[in-house]
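Q: Here's a sequence, model it:
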Amino acid sequence: MKVFYARVSTQEQNEARQMTSAREAGCEKVFLDKASGKNTKRKELENMLSFVRQGDVVIVSEISRLARNTADLLNIVQELNEKGVAFVSLKENIDTETPQGKFMLTVFGACAELERGYNRQRQAEGIAEAKKAGVYKGRKPMDIDEKKFREMCRAWRAGERTAVSIQKHFNMTATTFYKKVKAWEL
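A: Residues are numbered from 1 along each chain as shown. Next up is the predicted model:
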């Protein structure tokens, strides 16, 4: 069975181009994720991996739809291979049933990871420049009632409250709570 996996990063993005590729490839089943590709915790990816059986072929329009880093890509393809499932990427013309396809998969996966690294590097450089210009200030500190926080922490130290109840009251994480406790020497 030909199975197509498609992914767009957000709900607003359009998957029409990928659906056209699925039809043109003669795929009988399509799995579509509307989620970032930065990791493999994607509902439809997991469903697809559970669905495919020996002899099936998983087809994607391009490698970056399946994985955004080499390790994830190779792990997914290895899982498919262990099930006896072939992998085909239309844009890169890769078919893992051939030795050349296996080699090219590794090369293109590395290129996709390099591109993602460049994007993150450019983003960090842009933030650094914005900070220099005074435009980027980061997240604003939490505005909490210090007096109330101190009262609640005294009750916590006396065993009358839990740290979790204080965190919930101020809508803060445990890390933020303990940073405030340390900073204010509570």
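
Q: how is the chain carved up into domains?
A: When the chain is parsed into structural domains using automatic domain parsing, the resulting residue ranges are 2-117, 146-183.

Q: OK, contacts around the closest residue to residue 152 other than its chain neighbours?
A: Distance criterion Cβ to Cβ, 6 or more residues apart in numbering; nearest residue to residue 152, sequence neighbours excluded, is residue 166 at 4.8 Å. Every residue, glycine included, has its C-beta placed from N, CA and C. Residues near residue 166 by Cβ atoms under 8 Å, 6 or more residues apart in numbering: 149, 152, 153, 156, 177.

Q: of all these, which comes closest to residue 97?
A: Of all the contacts of residue 166, residue 177 has the smallest distance to residue 97: 54.4 Å, by Cβ to Cβ.

Q: what's the spatially most distant residue from the centre of the chain in contact with, if anything?
A: Distance from the C-alpha centroid of the chain, by Cα atoms, centre = their mean, peaks at residue 158 (42.4 Å). Not one residue lies near residue 158 by Cβ under 8 Å, 6+ apart.

Q: from here on, count from 121
A: Sure, I'll start counting at 121 from here, so that last one is residue 278.

Q: what pLDDT does it get?
A: What the model reports for residue 278 is a pLDDT of 95.

Q: same question, the one 5 residues further on
A: Here, the pLDDT recorded for residue 283 equals 94.

Q: Touching, it and residue 276? I think so.
A: Yes - between residue 283 and residue 276 there is a contact at 5.9 Å, judged by Cβ atoms under 8 Å.

Q: Low-confidence bits of this protein, can you list those?
A: Residues of the chain meeting the criterion pLDDT under 70: none.

Q: How far away from the center of its chain is the longest helix along it?
A: Scanning the chain for the longest helix, with DSSP state H as the assignment, gives helix 219-252. Computed by Cα atoms, centre = their mean, to the nearest Å, the chain-centroid distance of helix 219-252 equals 15 Å.

Q: Could you report the distance from the residue nearest the centre of the chain to residue 214?
A: Nearest residue to the geometric centre of the chain (Cα atoms, centre = their mean): residue 158, 3.0 Å. From residue 158 across to residue 214, the span is 22 Å (Cβ to Cβ, to the nearest Å).

Q: Fine, thanks again, bye for now.
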